[in-house]
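J.: Fold the following for me, if possible:
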Amino acid sequence: MSRRLGPAALVIAGALALAGCGGSDSGSGSGSGSGGGKAELSVGSAYMPQPVSDEMAAGFLTVTNKGGTADELTSVTSDIAGQVTVHETTGGAMREVESLKVPAHGELILKSGGDHLMFEQLKRKPKEGQTVSVELHFARSGPVKVEMPVKPATYTPKTGH
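T.: Residues are numbered from 1 along each chain as shown. From the prediction side, this is the model:
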């Protein structure tokens, strides 16, 4: 399920690099890990900058794992998009990946200019002040539902990462 992103996606990602990571805390879940305990996942600092495109948007959040077993974010669903893909950013280049690791006793941070979510084939363009519902799916833990507030396109949080 590998796709190449076109120039428009790169422009949008570049514009989103102006935004930071922060927002409201919402969502939690846990699941059974294999051996050595289990993952204990919670999600916070979720937000979506108001999209500049009618077709794509980005999402940022932090998954915290207080458990002794690592997990992986494997997919994301949302009623606002035809598909939501998971991207990593390495050396300034972003690419779609099958999963992102959530380390035991650690965090997976999705932030502007780094790893992030891409909402593609938007069914409607979310506006500042609205909330977007997403469901995070993990390799070992159960799904976690998150309400992601829509912030201004140039939003930079005062705290967080």
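J.: now do the same end-to-end measure for stretch 115-130.
T.: Separation of the first and last residues of stretch 115-130 by CA to CA, to the nearest Å is 23 Å.
J.: now do stretch 120-134
T.: End-to-end for stretch 120-134, by CA to CA: 13 Å.
J.: One more: stretch 128-148?
T.: First-to-last distance for stretch 128-148 - CA to CA - comes to 11 Å.
J.: residues of it that come out buried?
T.: The neighbour-count criterion (16 or more other CB atoms under 10 Å) identifies 132, 134-136, 138-141, 144, 146, 148 as the buried residues of stretch 128-148. The way it works is simple: take the backbone N, C-alpha and C, and place the C-beta from them, glycine included.
J.: which one among those residues gets closest to Gly68?
T.: Distance to Gly68 across these (CB to CB) is lowest for Arg140, with 12.0 Å.
J.: I'd like the distance between that closest one and Lys151.
T.: 31 Å (CB to CB, to the nearest Å).
J.: got it, and Val63?
T.: 19 Å.
J.: And Gln130, by the same measure?
T.: Distance, Gln130 to Lys151, using CB to CB: 10 Å.
J.: same question, Ala58
T.: 11 Å.
J.: Looking at those two, which has the bigger crowd around it?
T.: Taking other CB atoms under 10 Å, Ala58 and Lys151 do not tie; Ala58 has more neighbours (23 against 20).
J.: The more buried one touches Gly114, doesn't it?
T.: No: the criterion here is CB atoms under 8 Å, and Ala58 misses it with Gly114 at 11.0 Å.
J.: State the three-state secondary structure for Thr154.
T.: coil (DSSP: H, G, I helix; E, B strand; the rest coil).
J.: That'll do, ta.
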